[in-house]
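1. sequence-free structure coming up:
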């Protein structure tokens, strides 16, 4: 059986063996017995020749195979990149291609005590070279009985410096390290990863799978505009420091596309070292915190009244007083007698807004609040988003309270999403952290006419002498907005001294409804009263000016041009005068 073992070999080997055997037999037949001595010598030479030929042929095939693998391998035919492995992630860039996050090669430091000659000297050198290393960890590693991982995230320069020290038993291995070149800038919206490369917050977590899939291929493009983000952060930081606030939030969105151009919270943290910061700094308050927003909520209530037909611009409301059961509702800026709906808006009358909402009724109010997305978390990719806190019972008192932003808590992103739908022509468009190539189709929730009137009311609140948003005005940019100064709930009671100050702005308010338009929100929690604000902590003195400065800085970045002439608010100007019609009189008589 051993003589037939060659039959079980590869086909190429069997074929070569058969050829050699046939040649040998032919060689023997070619010689006569008298030539036997010479035949033996020739046979040996022939065997050597064929062995050399066989080895030469093998080397040729190996060389050809190696060349083919190097030049024509399938890997990389589809694209010019090597497939990523492990924890690799795609670069994150803003909408203009500016780098937000990148994988860089760093090094992990290992020690093998079995190769160390002088443990004390090694410990001294490493302690001096790596101030951040834990002494207990170093001590444990140096006295282990095997090779131990000691320290990670070393830059190439740090690794070279340690390597030049020539310490026996110290070695390095490459490891991927996520780097955020902007540091604290954009940290809440960009997020961060763990050491294993998994996204833990912000964009990094929201699109974790896709960012991994795109590693080595193309960058992941976000909706962020780094120029807008920088201006927003700078102005929010200045306001937060100036007014000594505990928390602050800033948001900028494109209201037609839902793209978030900028988002920030105060205080902030460095995404390169998140564990070194307190949890309060790491919390994205725009998404993960909910607040009773106060009078900015009147934008929703006014839109509800106008769109449902339960109120018009000519409707009048007696704002002298309002008693609901044992509860008395007050106005900060007390106005007596009957005023029109636009006056209710610019005077920010709680009484007038509550009367309008009660006239519409709880079913109508809750229907529209649902349409505005105020009963659910905002539709955005961020995992951190919180669900609003809603009343359990919609009594007259609850309807009145929610109409001016009490008894309901929503996130700042809820406000951005809902107001965007009111001010973009009336279509609900989800917020997004992805750059979009075209405007998405939204769901219509209010009429274009209502949207136009709300834009005009927002503008009127900035331009009117009695309006609360005057300090947000920017020459030539047609800024509109609504202030909100909500009493903070402290120990289950509304505080008389501590407030949440907000300004929700839109610009430009003029032009066609489908013109480019942007939303800006500035929110300051518990701003301090300053001499220059005459002891006031209301939003018109702190949040509104900050919003105006943001708008002034970002307008060139988003392509909004300044106009020389001040735009009019023709709709409101033409219709705001009380007409004395039956509907207006009926409302007034019923509610007085």
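-> That came through, no problem. Predicted model, so just to flag it, every value in this text is computed and none were measured.
2. rest of the way, CA atoms for contacts and neighbours
-> Fine.
3. now the helices for the stretch 351-500 of the chain?
-> Using DSSP state H, counting those that start in this stretch, the helices of the stretch 351-500 of the chain run over residues 362-371, 396-403, 412-423, 448-463.
4. from the middle of its chain, how far away would the third one be?
-> The one in question is helix 412-423. Taking the mean of its C-alpha atoms, helix 412-423 sits 17 Å from the chain's own mean (CA atoms, centre = their mean, to the nearest Å).
5. Can you pull out the residues in contact with that helix?
-> 249, 251, 253, 255-256, 258, 285-287, 289-291, 299-300, 303, 372-374, 377-379, 427-431, 445-446, 450-452, 454-455, 506, 519, 521 (CA atoms under 8 Å, 6 or more residues apart in numbering).
6. mind listing what the spatially closest residue to residue 461 that is not a sequence neighbour touches?
-> Closest residue to residue 461 apart from its sequence neighbours, by CA to CA, 6 or more residues apart in numbering: residue 467 at 4.4 Å. Residues near residue 467 by CA under 8 Å, 6+ apart: 346, 347, 460, 461.
7. And residue 467, how far from residue 534?
-> For residue 467, the distance to residue 534 equals 18 Å [CA to CA, to the nearest Å].
8. and if you look at residue 261?
-> Here the distance between residue 261 and residue 534 works out to 34 Å (CA to CA).
9. Just want to know which of these two has more residues nearby.
-> Ranked by neighbour count (other CA atoms under 10 Å), residue 261 and residue 534 place residue 261 first, with 27 against 9.
10. Find the nearest non-adjacent residue to the more buried one, please.
-> residue 224 (4.3 Å).
11. Look up how far residue 545 lies from that neighbour.
-> From residue 224 over to residue 545 the distance is 23 Å, taken as CA to CA.
12. Tell me which of those two has more neighbours.
-> Set residue 224 next to residue 545 and count neighbours by other CA under 10 Å: residue 224 wins out with 29 against 22.
13. Is that one in contact with residue 436, as I believe?
-> No: counting by CA atoms under 8 Å, residue 224 does not reach residue 436; the two are 11.1 Å apart.
14. what about the stretch 351-500 of the chain, any weak spots by pLDDT?
-> Along the stretch 351-500 of the chain, no part satisfies pLDDT under 70.
15. about what we covered before: tell me, what's touching residue 224 and residue 436 both at once?
-> Listed as contacting both residue 224 and residue 436 by CA under 8 Å, 6+ apart are residue 259.
16. Show me the contacts of helix 412-423 that map onto strands.
-> Counted as lying in strands by DSSP state E, out of those, are 249, 251, 253, 427, 428, 506, 519, 521.
17. could you check the distance from the closest residue to the third one other than its chain neighbours over to residue 222?
-> Same thing as residue 253. In this structure, residue 253 finds its nearest non-sequential neighbour in residue 260, 4.5 Å apart by CA to CA, 6+ apart. Per CA to CA, residue 260 is found 9 Å from residue 222.
18. By mean pLDDT, point me to the weakest helix or strand of this protein.
-> Lowest by mean pLDDT, DSSP states H and E among the helices and strands of the chain is helix 582-591, with a mean of 31.
19. Return the residues in contact with residue 185.
-> Taking CA under 8 Å, 6+ apart, we find residue 185 in contact with 229, 230, 233, 270.
20. run the last query once more with 10 Å
-> The neighbours of residue 185, taking CA atoms under 10 Å, 6 or more residues apart in numbering as the test, are 100, 226, 229, 230, 233, 234, 264, 268, 269, 270, 271.
21. Equivalent analysis for residue 292, please.
-> Residue 292 makes contact with 388-389, 402, 404-411, 484-489, 500, according to CA under 10 Å, 6+ apart.
22. One more: residue 350?
-> So residue 350 contacts 294-295, 298, 319, 321-322, 329-334, 344, 356, 400-401, 403-405 (CA under 10 Å, 6+ apart).
23. Please apply the same query to residue 108.
-> Counting by CA under 10 Å, 6+ apart, residue 108 makes contact with 149-155, 159, 171-176.
24. Show me which of these are buried.
-> Listed as buried from these are 149, 150, 151, 152, 153, 154, 159, 171, 172, 175, 176; burial here means 16 or more other CA atoms under 10 Å.
25. how would you label the residue nearest to residue 253: helix, strand or coil?
-> Using DSSP: H, G, I helix; E, B strand; the rest coil, the structure places residue 260 in strand.
26. Just the pLDDT at it, thanks.
-> Looking at residue 260, its pLDDT reads 98.
27. Now for it, how many residues are close by?
-> 26.
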